[in-house]
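Trainee: Quick one: sequence plus predicted model below, questions after.
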Amino acid sequence: MLTAFARAFKTPDLRKKLLFTLGIMVLFRLGAHIPVPGVDFEAVMFCVDETKSSTGLFALVNLFSGGALLQLTIFALGIMPYITASIILQLLTVVIPRLEALKKEGQAGQAKITQYTRYLTIALGVLQATGLVATARNGSLFQSCRRANEIVPDGSLFRITMMVITMTAGTAVIMWLGELVTDRGIGNGMSILMFVSIAAGFPGALWAIKQQGEIAGGWGEFIAVCAIGLAMVGLVVFVEQAQRRIPVQYAKRMIGRRSYGGTSTYIPLKVNQAGVIPVIFASSLLYIPALLVQFTEDKTSGWALWIQEHLVAGDDPIYISSYFLLIVFFAFFYVAITFDAEEVADNMKKYGGFIPGIRAGRPTAEYLAYVLNRITWPGSLYLGLIALVPTVALVLFNADQNFPFGGTSILIIVGVGLETVKQIESQLQQRNYEGFLR
């Protein structure tokens, strides 16, 4: 593998792409440490150090921003607005005929959908920046910090507006950097930036566990966490690569004097067809009740206390079961809207393809839907179990320690890493070099 890295950097155009991607990653991490004008950075860092193990309501967004959210930097929103906008447009494509027609137009229609995604990203950026600034201003961003009310010392309209514009502009810059990586670098730009954001928190979390192990008089906890992390990475790689291959045979066709078709191929149906999207959906949905409690005036009412006790991230059985069931539900829901068995069957029939032993048309669509439902069950259960690993870790280890190998972070890091390595592998093989995967 090291030899493959050396050969990749010896290839001029590939070296240029790799260096360009690394430069964008450095620029992205630099922006994640520049504070927004109008914020008392000393008070922010004091609160981050005092409550570093209890990010609470904002844990998911803080994860995708690489810790920039709680530090109130210019890249505080991270790529979360773009992810949300992409998911919303993908869901609306199924509902709105105009978007569905654009999707079928090919590259021109996809460019139009991408433009709509950019506009929606900016709108969500303004909305989320306003909410974040308001939360930081009233002290709800760090509830248990003594200096939470000092984070935004100047509450004037001009200062608040400038902070919102700065964070929204940071979101637009991140979107631009991601598209630059996609066009001129290696891999999908947004996925690479997401990878960098999550991986940036690993060294600090592992170092904190190591220090805690030294204080306790041994390295047992540190070694156990590393072993669990490696086992999870191996499990995720195994499941992410697993797929059910549906054989497809294409009949021969004579067009003029030439013969076409007569080949055999397959339809790869992944066990985890939905990826990490169900985990994001379930986490976001469970944050809504807790978010309502944050903005209510009477936090001691019966419903507010019940939500704080049972629906805030922790080891409560109601929260764990709700989280698991929502992940399973959204796995089936997302697969149902992204994989259209009838459309695949119609395309196969149009080009003379058929599954051996299955009639073309409606029987093929029913067979594909049946197989997809069967393999989605283990995929959804796997997602639910992986996502619950941090909760189990908080029970096994100290409750005040963040577990670095969270289910969402491992899924994203392994998935993006595999796709990027495959892309470099394909480019190396085009130049007759030995790649990463053997």
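Mentor: Yep, it's here.
Trainee: dump the residue contacts of the spatially closest residue to Phe354 that is not a sequence neighbour.
Mentor: If the residues on either side of it in the chain are set aside, Phe354 comes closest to Ala360, at 4.8 Å by C-beta to C-beta, 6 or more residues apart in numbering. C-beta coordinates here come from the backbone N, C-alpha and C atoms, glycine included. By C-beta atoms under 8 Å, 6 or more residues apart in numbering, the contact list for Ala360 reads Ala345, Met348, Lys349, Gly353, Phe354.
Trainee: so which of those residues is the most crowded?
Mentor: Going through the contacts of Ala360 with other C-beta atoms under 10 Å as the criterion, the one with the most neighbours is Ala345, at 24 neighbours.
Trainee: any low-confidence regions in the stretch 101-250 of the chain?
Mentor: Regions of the stretch 101-250 of the chain meeting the criterion pLDDT under 70 cover residues 139-140, 143-144, 209-221.
Trainee: Repeat the analysis, applying 90 as the threshold.
Mentor: Regions of the stretch 101-250 of the chain meeting the criterion pLDDT under 90 cover residues 101-114, 124-125, 127-161, 163-164, 178-179, 182-250.
Trainee: and Asn188, what does it touch?
Mentor: For Asn188, the contacting residues are Val181, Thr182, Val416, Glu419, taking C-beta under 8 Å, 6+ apart as the criterion.
Trainee: again, 10 Å this time
Mentor: Gly178, Val181, Thr182, Met194, Phe195, Val416, Glu419, Thr420, Gln423 (C-beta atoms under 10 Å, 6 or more residues apart in numbering).
Trainee: that older thread, so can I have JSON lines of the contacts of Ala360 showing pLDDT, distance to Val233 and secondary structure?
Mentor: Converted to JSON lines, those look like this (pLDDT from 0 to 100; distance: C-beta to C-beta, whole Å; DSSP: H, G, I helix; E, B strand; the rest coil):
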{"residue": "Ala345", "pLDDT": "85", "distance to Val233": "37", "secondary structure": "helix"}
{"residue": "Met348", "pLDDT": "83", "distance to Val233": "36", "secondary structure": "helix"}
{"residue": "Lys349", "pLDDT": "82", "distance to Val233": "41", "secondary structure": "helix"}
{"residue": "Gly353", "pLDDT": "81", "distance to Val233": "37", "secondary structure": "strand"}
{"residue": "Phe354", "pLDDT": "83", "distance to Val233": "39", "secondary structure": "strand"}
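Trainee: How many neighbouring residues does Arg244 have?
Mentor: The criterion is other C-beta under 10 Å. On that basis, Arg244 has 15 neighbouring residues.
Trainee: Quick check: beta-bridge partners of it?
Mentor: Per DSSP bridges, residues listed as beta-bridge partners of Arg244: Leu269.
Trainee: Most neighbours among the contacts of Asn188, which one is it?
Mentor: These, ranked by neighbours (other C-beta under 10 Å): first place Met194, 27 neighbours.
Trainee: Where do the strands of this protein begin and end?
Mentor: With DSSP state E applied, the chain shows strands at 243-250, 253-255, 258-260, 264-270, 353-354, listed in chain order.
Trainee: now the third one: mean pLDDT?
Mentor: Read it as strand 258-260. Per-residue pLDDT values over strand 258-260 give a mean of 63.
Trainee: longest helix in the protein, by residue count?
Mentor: Longest among the helix segments of the chain by residue count, using DSSP state H, is helix 107-137.
Trainee: Backbone dihedrals for the residue nearest to Phe354, both of them.
Mentor: phi -70, psi 160 (degrees, to the nearest 10).
Trainee: Give me the nearest residue to Tyr351, chain neighbours excluded.
Mentor: Leaving out its chain neighbours, the residue that sits closest to Tyr351 by C-beta to C-beta, 6+ apart is Tyr250, at 6.7 Å.
Trainee: So, low pLDDT: which residues of the stretch 251-400 of the chain?
Mentor: Where the stretch 251-400 of the chain drops to pLDDT under 90, the residues are 251-327, 330-331, 333-369, 378-400.
Trainee: Can you show me the helices along it?
Mentor: Assigned by DSSP state H, counting those that start in this stretch, the helices in the stretch 251-400 of the chain fall at 277-295, 302-310, 317-338, 341-350, 362-387, 389-396.
Trainee: Report how many residues lie close to Met163.
Mentor: Per other C-beta under 10 Å, the neighbour tally for Met163 reads 25.
Trainee: How is this protein divided into domains?
Mentor: Taking automatic domain parsing as the domain assignment, the ranges for the chain are 1-198, 242-403.
Trainee: Do a quick rundown of the helices in the stretch 51-200 of the chain.
Mentor: Taking DSSP H, counting those that start in this stretch as the test, the helices found in the stretch 51-200 of the chain are 59-64, 68-71, 80-95, 97-103, 107-137, 157-184, 189-199.
Trainee: can you tell me which of these comes nearest to Ile277?
Mentor: Ile277 lies closest to helix 80-95 among the helices of the stretch 51-200 of the chain, at 6.8 Å (C-beta to C-beta).
Trainee: if we can go back for a sec, could you dump the helices of the stretch 251-400 of the chain to CSV with distance to Leu72?
Mentor: Conversion of the helices of the stretch 251-400 of the chain to CSV gives the following (distance: least, C-beta to C-beta, whole Å):
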stretch, distance to Leu72
helix 277-295, 17
helix 302-310, 25
helix 317-338, 28
helix 341-350, 45
helix 362-387, 28
helix 389-396, 25
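Trainee: List the contacts of the nearest residue to Arg184 once chain neighbours are set aside.
Mentor: Excluding the flanking residues, the one nearest Arg184 by C-beta to C-beta, 6+ apart is Phe20, at 5.6 Å. Contacts were defined as C-beta under 10 Å, 6+ apart; by that measure Phe20 touches Leu180, Val181, Asp183, Arg184, Gly185, Ile186.
Trainee: Show the buried residues in these.
Mentor: Burial by neighbour count, judged by 16 or more other C-beta atoms under 10 Å, picks out Leu180, Val181, Gly185, Ile186 from these.
Trainee: The second one and Leu18 touch, don't they?
Mentor: Think Val181. No - Val181 lies out of contact with Leu18 (C-beta atoms under 10 Å); the separation is 11.0 Å.
Trainee: Please give me every residue in contact with the residue lying closest to Ile87 once chain neighbours are set aside.
Mentor: In this structure, Ile87 finds its nearest non-sequential neighbour in Ile277, 6.8 Å apart by C-beta to C-beta, 6+ apart. Shown here is Ile277, whose contacts under the criterion C-beta under 10 Å, 6+ apart are Ile83, Ser86, Ile87, Gln90, Phe330, Ala331, Phe333, Tyr334, Val335, Thr338, Leu383.
Trainee: how near is the third one to Thr121?
Mentor: Meaning Ile87. 11 Å (C-beta to C-beta, to the nearest Å).
Trainee: These two: which is more packed in?
Mentor: More neighbours surround Thr121 than the other of Ile87 and Thr121, with 26 against 16 (other C-beta under 10 Å).
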